[in-house]
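Engineer: Please work out how this folds:
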Amino acid sequence: MKKILIIHNKYQTLGGEDIAVKNEIEFLSKIYDVKVIYFDNEIENYFIQFFYLLFNYNLQSYRIVNKAIASFKPDIIYVHNSWFKASISIFKALEKSKIPTYVKIHNYRFFCSRFYIKNSHLQHDNFCKACGLNNHKRRLFNTYYEGNFIKSLLLIRYGKKYFSIIKNQENLKLFVLTKFQKTFLTNLGFNEKRISIFPNYLEIQNEDSIEKKVQQIVYAGRISKE
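Structural biologist: The predicted model follows:
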């Protein structure tokens, strides 16, 4: 039985990505030997965590992943979110391992968080269709987190490195949710051969309740500003 090591940094508020990851873990566990590393963004030591964020490298996370790889010896490594406790450091461990690694791109933060200047983020449009940032307020800096300059600055420093890693690290294969997302990445210069469409897994409890004549399904996501 093949072994899969899954890595995910949980969000502070439970959201769709966390649930999608949980569903995939349950599905994959039926077929593979699965080990999961969860990181969370609870801060035990503010000084050490600020130091890690400042240098964009969490030594503790690096060691946790390294230790799991050495003991579990996975055939495949599967990464979801890495902001912020997991950090960029885990990709150093993954590259060093030489194990086939897949990263799932759940959203467009990889794009929105790689610019210091707001107009570069908005591509000179009135608002960002991904995160909802608008051009109404007179400001120069790309404040990804509304009203929080420091947190936005730290995220952008992370985002620029993360973007470079997923674009240029050839050992990483990318999963995206839709054809649109794949096209979006290829237009940014990503190698199309490294990208596969892998929608989130959804278990249907009662298949008999779906009429055979139905040809379309309307799916409602979270209602948010953008």
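Engineer: just checking, next helix/strand downstream of the helix or strand R63 falls within?
Structural biologist: Assigned by DSSP states H and E, R63 belongs to helix 59-72. For helix 59-72, the succeeding helix or strand toward the C-terminus, using DSSP H and E, is strand 76-79.
Engineer: Which residue ranges of this structure form helices?
Structural biologist: Taking DSSP state H, the helices of the chain run over residues 16-28, 46-55, 59-72, 89-97, 109-112, 118-122, 149-168, 179-187.
Engineer: now the lowest-mean-pLDDT helix or strand in the chain against helix 149-168, angle please.
Structural biologist: Lowest by mean pLDDT, DSSP states H and E among the helices and strands of the chain is helix 46-55, with a mean of 88. Computed with axes from the mean of the first three to the mean of the last three CA atoms, to 10 degrees, the direction of helix 46-55 lies at 50 degrees from that of helix 149-168.
Engineer: what about helix 46-55, distance to the chain center?
Structural biologist: In terms of CA atoms, centre = their mean, to the nearest Å, the centre of helix 46-55 is found 21 Å from the chain centre.
Engineer: same for that helix, what does it pack against?
Structural biologist: Other helices and strands packing on helix 46-55, by 3 or more CB pairs under 8 Å, 6 or more residues apart in numbering; DSSP states H and E, are helix 149-168. (Glycine included, C-beta is placed from N, CA and C.)
Engineer: Outside of the helix it packs on itself, which residues are in contact with it?
Structural biologist: With contacts defined as CB atoms under 8 Å, 6 or more residues apart in numbering, helix 149-168 is touched by 53-54, 56, 82-84, 87-88, 91, 103, 105, 109-116, 141-145, 172, 174, 188-190.
Engineer: now the residues you listed: which count as buried?
Structural biologist: Using 16 or more other CB atoms under 10 Å as the burial test, these include 53, 56, 82-84, 87-88, 91, 103, 105, 109-115, 142-144, 172, 174, 190 as buried.
Engineer: In this structure, where is pLDDT below threshold?
Structural biologist: Along the chain, segments meeting pLDDT under 70 span 206-214, 221-226.
Engineer: which residue is nearest the middle of it?
Structural biologist: Nearest to the geometric centre of the chain sits N81, at 3.5 Å (CA atoms, centre = their mean).
Engineer: For the closest residue to it other than its chain neighbours, give the beta-bridge partners.
Structural biologist: Take N81 and drop its neighbours on the chain: the residue closest to it by CB to CB, 6 or more residues apart in numbering is N9, 4.5 Å away. Beta-bridge pairing for N9 (DSSP bridges): F39.
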